[in-house]
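In: please find the sequence and the predicted model below.
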Protein chains: 4
Amino acid sequence: MSVSSYSANRSGAREARSPRQNAAERARAATRARLIAAGKALFAEQGLHRITTHDIAAHAGVAAGTYYNHFRDKAALFSVIADEAIAELIERLDGAVGPEESLRAGVRPIAEALLSFAEDRRDLIRILFSREADAAAIEADVLDRLAARIAEGRSRSIARGEMPSGIDPTVLSQALVGMWARVVAWWAEDPSRAPRDRVIDTLVQIQLSGTHPAAS
Amino acid sequence: MSVSSYSANRSGAREARSPRQNAAERARAATRARLIAAGKALFAEQGLHRITTHDIAAHAGVAAGTYYNHFRDKAALFSVIADEAIAELIERLDGAVGPEESLRAGVRPIAEALLSFAEDRRDLIRILFSREADAAAIEADVLDRLAARIAEGRSRSIARGEMPSGIDPTVLSQALVGMWARVVAWWAEDPSRAPRDRVIDTLVQIQLSGTHPAAS
Amino acid sequence: MSVSSYSANRSGAREARSPRQNAAERARAATRARLIAAGKALFAEQGLHRITTHDIAAHAGVAAGTYYNHFRDKAALFSVIADEAIAELIERLDGAVGPEESLRAGVRPIAEALLSFAEDRRDLIRILFSREADAAAIEADVLDRLAARIAEGRSRSIARGEMPSGIDPTVLSQALVGMWARVVAWWAEDPSRAPRDRVIDTLVQIQLSGTHPAAS
Amino acid sequence: MSVSSYSANRSGAREARSPRQNAAERARAATRARLIAAGKALFAEQGLHRITTHDIAAHAGVAAGTYYNHFRDKAALFSVIADEAIAELIERLDGAVGPEESLRAGVRPIAEALLSFAEDRRDLIRILFSREADAAAIEADVLDRLAARIAEGRSRSIARGEMPSGIDPTVLSQALVGMWARVVAWWAEDPSRAPRDRVIDTLVQIQLSGTHPAAS
DNA sequence: GATGAATGAGTATTCATTCAT
DNA sequence: AATGAATGAATACTCATTCAT
């Protein structure tokens, strides 16, 4: 388990990467990965502040102190997880809609991407939208980033005259983000609450009509 | 274990209240009111679990133990505040829309009631929508109650054939609630972010188009 | 309830005991009696340190502060109760055995007096023999007083040559007291554990043989 | 909630214990031992509920929180101490009397074992017989176990016709246990109160005569 | 790098007691 | 004398974090 301990400092680093160094590095990365996995599982179940660093270490099968060899403090792991989650979500959304694609065409793909993400990553959904005081900064971040992306798209729409003039794009983006976040969290909690396609259809209908002059 | 003294008015007797009793009761009510005010201010600023009962007592200018002469535990004050806030919010919404009024007519009044509440009661807004783990039950309650109210109205709309068939009323109610909660919280945080009427107009436009066949 | 409050200080004491004073005095005594009764009931049920002064006042139907108009502190009421209990017990024992009566004749009456006391005053038994840290001083007192009484009797017996010389009267008195206290407490807890007369017979037999040369 | 670290030796592996693990384990055991020693000293002096976990930690020379690395709560240390004490007492009593030995022969050895225990372990005596409300369960246990042992022996005596018929064995066992417990506690408090042998002689005489027809 | 024992500040809650009315 | 609101010291228990090995 701790082979690396005895060697790491002794090797006279000749080559940039001795095999020994590689082994040590791989072991370290593996420990880190297990801590992250433990964090995802536990934060999703119980939320940030019901979980202790000891819980995470124990779930990862390492000693309590090991946690601090990998993360500065309790919040750091949460941030890492949240950042990964956000990145994955953004990536999926980007995959779903080409950046310059017509927004009209894009609504359904976005909703589908969101719902797929909720299906595949219920743990991440719970972490991202978990309504935690301590997580507020992170969550605000998630939602604000989404909102910013949307607002940006909307501005282009407006510039092209595609949106009713009464609508403020920043308000709209907050509204859409709040809507999506709530619906996705609500549905991820118990997907049997509504058929997946019906959720998508509903979101699409609201979106379509609410945001596009063609709908009126 | 012992009979509690948490209710403001213990004596069942209507009459025969001595001046001394009245004075004591008034003093008690005043202390309670100060604790509630302190709770509102502090919970709004920092959230439920960053605040200690000592903080609240200190902010109210009473001794630490006095808190427990008025509230069973830390959560109790939060509940009282949240319940009051919900009641006030509901009351305002009820005042804004007659129960059987056309939904179409009702969208704007609802948005206006919401925004007024956000203006007048920024502290309560922060508490109600503060995304706290411990407050989750309360917030879920708020939002679910709103969602239930909306879903109910929607059902009538559907029955009257006023809504597109693709829309699921439970999904829609979650969506609207998420949208409103987020927009209101976002705006209450800093009302200079958008002019009040523009927020209302935006919400109305989304609502109108999204929920009414006449808009399509 | 508080008629006396308004008059006590105003009466220009002409006679040694005005009717008003008598009334006030009686009211005060009644309050005190109710506190004592409450203390007996509650201490017997739960022991000294599970019971709060608020519990006692509430059970007596008076305000919390009233307790301190009658007793210096929490221990004072306990002492009063214990003293009364001891006095009653001593009185019963004295009633059972004439001071100079032959000890031989007295064993059965003592056992009977003890068991009767246990039957009539289960609450006091529980208080006197309740094995409480804080009550230790009091209980030690009870038992030591009993032991002293016994030791005294024994010394006379020894002087009269009625007791085996190997027996130390102080040790014997501790032994008897421990025996009695435990048996009485054990039996008072659930009198169905053994028929009353069988308990007495057993105690008598042990006593008789253990303390009297005639038995050897 | 999390897997505890209260047992001294967590690792099931017999072999493959690194020097580091051994050192840590030894350190842990040493701290635990100091906490237990502190508990014995303080509980014997002041009783369970006059002593705080901070007192124990301070007396053991460790930080307050360290207590909880070794014992789940305040009661846990007391239980550990009491269990050890009971076990040691039982062991001594078993060593003193062969199980089937004549009871007659056994009285003196029992008394001697008891007194030796009281001499060697004055702290444990005080803890075992300390008359504490919270310790009641433990003490009841001690005394009941002793009583049960005695009752068992008595039943054999009765079966062999060695005991007067007027005596109820359950009452007798309570009586003997009360007697012993009180005498031992009284004597351990200040052994100069009576010479050790005189205590033993007195106990033996009471026992002999009280329980055995051959003595009459 | 990993370990895990130790740390100690932090916190909710209790309750004997006081005192102004 | 009675009231009862206020007091504040006391205390069990938690947990993020450190550090010697």
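Out: Now that the structure is in, tell me what you want to look at.
In: in chain A, where is pLDDT below threshold?
Out: A:1-17, A:97-107, A:130-143, A:145, A:149-165, A:207-216 (pLDDT under 70).
In: do you know how far A:D168 is from D:P169?
Out: In this view, A:D168 and D:P169 are 91 Å apart by CB to CB, to the nearest Å. (C-beta placed from N, C-alpha, C; glycine too.)
In: same check on A:V171?
Out: A:V171 is 87 Å from D:P169, by CB to CB.
In: what's the answer for A:V177, then?
Out: On the measure of CB to CB, A:V177 and D:P169 end up 80 Å apart.
In: more neighbours, these two?
Out: A:V177 (25 against 20; other CB atoms under 10 Å in any protein chain shown).
In: in space, what's closest to A:V62 - neighbours in sequence excluded?
Out: Excluding the flanking residues, the one nearest A:V62 by CB to CB, 6 or more residues apart in numbering or on different chains is A:T31, at 6.1 Å.
In: I misspoke; the intended subject was A:F71.
Out: Among residues not flanking A:F71 along the chain, A:L77 sits closest, at 4.7 Å (CB to CB, 6+ apart).
In: spit out the contact partners of that neighbour.
Out: A:35-36, A:39, A:56, A:67, A:70-71 (CB atoms under 8 Å, 6 or more residues apart in numbering or on different chains).
In: let's see that with 7 Å instead.
Out: A:35-36, A:39, A:56, A:71 (CB atoms under 7 Å, 6 or more residues apart in numbering or on different chains).
In: just the buried members of those?
Out: A:35-36, A:39, A:56, A:71 (16 or more other CB atoms under 10 Å in any protein chain shown).
In: so what's the residue count around A:E84?
Out: A:E84 is flanked by 14 other residues according to other CB under 10 Å.
In: oops, could you answer that again for A:N22 instead?
Out: 10.
In: quick one: secondary structure of it?
Out: What DSSP: H, G, I helix; E, B strand; the rest coil gives for A:N22 is helix.
In: distance check, it against DNA strand E.
Out: 13 Å (CB to the nearest atom of the strand, to the nearest Å).
In: ok, A:V183 next?
Out: Distance from A:V183 to DNA strand E, by CB to the nearest atom of the strand: 33 Å.
In: swap in A:T202?
Out: 41 Å.
In: ok, that residue - contacts?
Out: A:T202 neighbours (CB under 7 Å, 6+ apart): B:166-168, B:171-172, B:175.
In: that one: which element?
Out: For A:T202, the host element (DSSP states H and E) is helix A:196-211.
In: look at A:G95 and say how many residues are nearby.
Out: By other CB under 10 Å, 10 other residues sit near A:G95.
In: can you tell me the SS state at it?
Out: Judged by three-state DSSP, the three-state class of A:G95 is helix.
In: not counting its neighbours along the chain, what's nearest it?
Out: A:A113 (7.0 Å).
In: so which helix or strand takes in the one you found?
Out: Going by DSSP H and E, A:A113 is in helix A:103-120.
In: what's the burial count for A:L146?
Out: A:L146, neighbours per other CB under 10 Å, totals 22.
In: so what's it up against?
Out: Applying CB under 7 Å, 6+ apart, the residues near A:L146 are A:V177.
In: buried stuff in stretch A:183-200?
Out: Result for stretch A:183-200 [16+ other CB under 10 Å]: buried residues A:183-188, A:194, A:199-200.
In: ok, A:W180 to chain C distance?
Out: 53 Å (CB to the nearest CB, to the nearest Å).
In: hang on, that residue packs against A:L114?
Out: Yes. Contact criterion CB atoms under 7 Å: A:W180 and A:L114 qualify, at 6.1 Å.
In: coming back round to it: distance of the residue nearest to A:G95 from B:R182?
Out: In terms of CB to CB, A:A113 sits 20 Å off from B:R182.
In: the two: which has the busier surroundings?
Out: Neighbour totals were compared for A:A113 and B:R182, and B:R182 leads with 23 against 19 (other CB under 10 Å).
In: surely that one and A:Q174 touch.
Out: Yes. Contact criterion CB under 7 Å: B:R182 and A:Q174 qualify, at 5.4 Å.
In: report the buried residues of the strand or helix carrying A:I86.
Out: Here A:I86 sits within helix A:74-96, counting by DSSP H and E. Residues of helix A:74-96 classed as buried by neighbour count (16+ other CB under 10 Å): A:74, A:77-82, A:85-86, A:89, A:92-93, A:96.
In: the helix holding A:A113 vs helix A:74-96, what angle?
Out: With axes from the mean of the first three to the mean of the last three CA atoms, to 10 degrees defining the directions, helix A:103-120 sits at 130 degrees from helix A:74-96.
In: residues near the closest residue to DNA strand E within chain A, how many?
Out: Of all residues in chain A, A:G65 sits closest to DNA strand E, at 1.5 Å by CB to the nearest atom of the strand. Using other CB under 10 Å as the criterion, A:G65 is surrounded by 9 other residues.
In: how far away is it from A:A75?
Out: Separation of A:G65 from A:A75 (CB to CB) stands at 18 Å.
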